[in-house]
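>>> Any chance you could fold what I've pasted below:
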Amino acid sequence: MRLENKVAVITGAGSGIGSAIAKNFIAEGAAVALLDVNLAAAEALTAELGDRAAAFEADVTNLDQLEAAANAASGHFGGIDALINNAGIRIVKSFGNHTEEDWRRILDVNLTGQFLTAKAVVPHMISRGKGKMVNVASIAGIGGRPNRVAYVAAKFGIVGMTRALAMDLSPHNICVNALCPSMIASPLNISLAEDGDIGPQWAKDNLSGRWGQPEDVAKVAVFLASDDADYVTGSEYRVDGGEATGLIRAGEMDPV
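Have a look, this model is predicted:
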């Protein structure tokens, strides 16, 4: 029960990685405030998780909504100890087809959204004297990806923002770290994971030889939100099955 008596705010909590994080946090003893622009999805998960979960509607591009949700969550549970900045979207287009609207939308949700959520939640952690922030980035924010120029820019921005916030918030005993998943079989990628050709091929692009699952990301988030990570801040954690190590694919390795 590494998160017993902790209260966590999770954005984009209604599905995918956010939902898996919420379930793992509950299993580790936390109470969770599920923030999502899709309130129905958050409420459905709340019904599944029980009375240590509560759903709040919030668009991460709207500071007023985020502050209202953070205040309500803090009032409901008696404070906030951790923030999991998970909400995000993706647009896959060639650079030539990426529009200004695409660019601004991706950066607004994926990068500015995390900044605004931090603005809304951090004061509650400061009042506790301690806190943990986990920003969900991507290995696209470390090494890039084709046909995702805005997404990659936003994810690189999250890594940089994480390092800066770790410095700014260290006087308040708040640790800030980033998660950098690779190909996770979440709703964003499930059609690729289940594709008869693409799925098996992409599973070979990491040393683990399989697609990652939302649960794989959630387990690392539990560690970073726990007291076990009190000496960990300003870091990026790759949850990629060894994909980012680079030169040898699992399918090309000789058995030992």
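>>> Which residue ranges of the stretch 1-150 of the chain form helices?
Using DSSP state H, counting those that start in this stretch, the helices of the stretch 1-150 of the chain run over 16-27, 39-49, 63-77, 100-107, 113-128, 140-143, 149-169.
>>> What I need now is those helices written out in JSON lines, including distance to Asp227 for each item.
C-beta coordinates here come from the backbone N, C-alpha and C atoms, glycine included. Shown next, in JSON lines, are the helices of the stretch 1-150 of the chain (distance: least, C-beta to C-beta, whole Å):
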{"stretch": "helix 16-27", "distance to Asp227": "14"}
{"stretch": "helix 39-49", "distance to Asp227": "22"}
{"stretch": "helix 63-77", "distance to Asp227": "18"}
{"stretch": "helix 100-107", "distance to Asp227": "34"}
{"stretch": "helix 113-128", "distance to Asp227": "13"}
{"stretch": "helix 140-143", "distance to Asp227": "27"}
{"stretch": "helix 149-169", "distance to Asp227": "17"}
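>>> between the ones you listed, which gets the lowest average pLDDT?
Here the helices of the stretch 1-150 of the chain differ in mean pLDDT, and the lowest is helix 140-143 at a mean of 90.
>>> Show me what it is in contact with.
148, 151-152, 154-159, 178, 180, 236, 238, 244 (C-beta atoms under 8 Å, 6 or more residues apart in numbering).
>>> how much space is there between Asp168 and Val92?
Applying C-beta to C-beta, to the nearest Å, the value for Asp168 to Val92 is 33 Å.
>>> re the thing from before, are any of the contacts of helix 140-143 buried, and which?
Buried residues within the contacts of helix 140-143, counting neighbours by 16 or more other C-beta atoms under 10 Å: 148, 151-152, 154-159, 178, 180, 236, 238.
>>> what about the longest strand anywhere in the chain, average pLDDT?
If you go by DSSP state E, the chain has its longest strand at strand 174-181. Averaged across strand 174-181, the pLDDT comes to 97.
>>> tell me the helices in the stretch 151-256 of the chain, going along the chain?
190-193, 198-203, 214-225.
>>> Nearest to His172, out of those helices?
Among the helices of the stretch 151-256 of the chain, helix 214-225 comes nearest to His172, with 16.1 Å by C-beta to C-beta.
>>> Identify the residues contacting the closest one?
Contacts with helix 214-225, where a contact means C-beta under 8 Å, 6+ apart, come from 2-3, 6, 8, 16-17, 19-21, 23-25, 28, 30, 81-82, 84, 132, 134, 136, 175, 177, 179, 181, 184-186, 229, 232, 237, 239.
>>> Repeat that for stretch 30-39.
Residues from elsewhere that reach stretch 30-39 (C-beta under 8 Å, 6+ apart): 3-4, 6-15, 18, 22, 25-26, 42, 45-46, 49, 52-60, 66, 69, 73, 76-77, 80, 82, 87, 117, 225.
>>> State the distance from the nearest residue in space to Ile26 that is not next to it in sequence to Lys23.
The shortest distance from Ile26 to any non-neighbouring residue, by C-beta to C-beta, 6 or more residues apart in numbering, is to Leu49 (5.1 Å). Separation of Leu49 from Lys23 (C-beta to C-beta) stands at 7 Å.
>>> Save the helices of the stretch 151-256 of the chain as JSON lines, and put in mean neighbour count too.
Below are the helices of the stretch 151-256 of the chain laid out as JSON lines (neighbours: other C-beta atoms under 10 Å):
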{"stretch": "helix 190-193", "mean neighbour count": "15"}
{"stretch": "helix 198-203", "mean neighbour count": "16"}
{"stretch": "helix 214-225", "mean neighbour count": "21"}
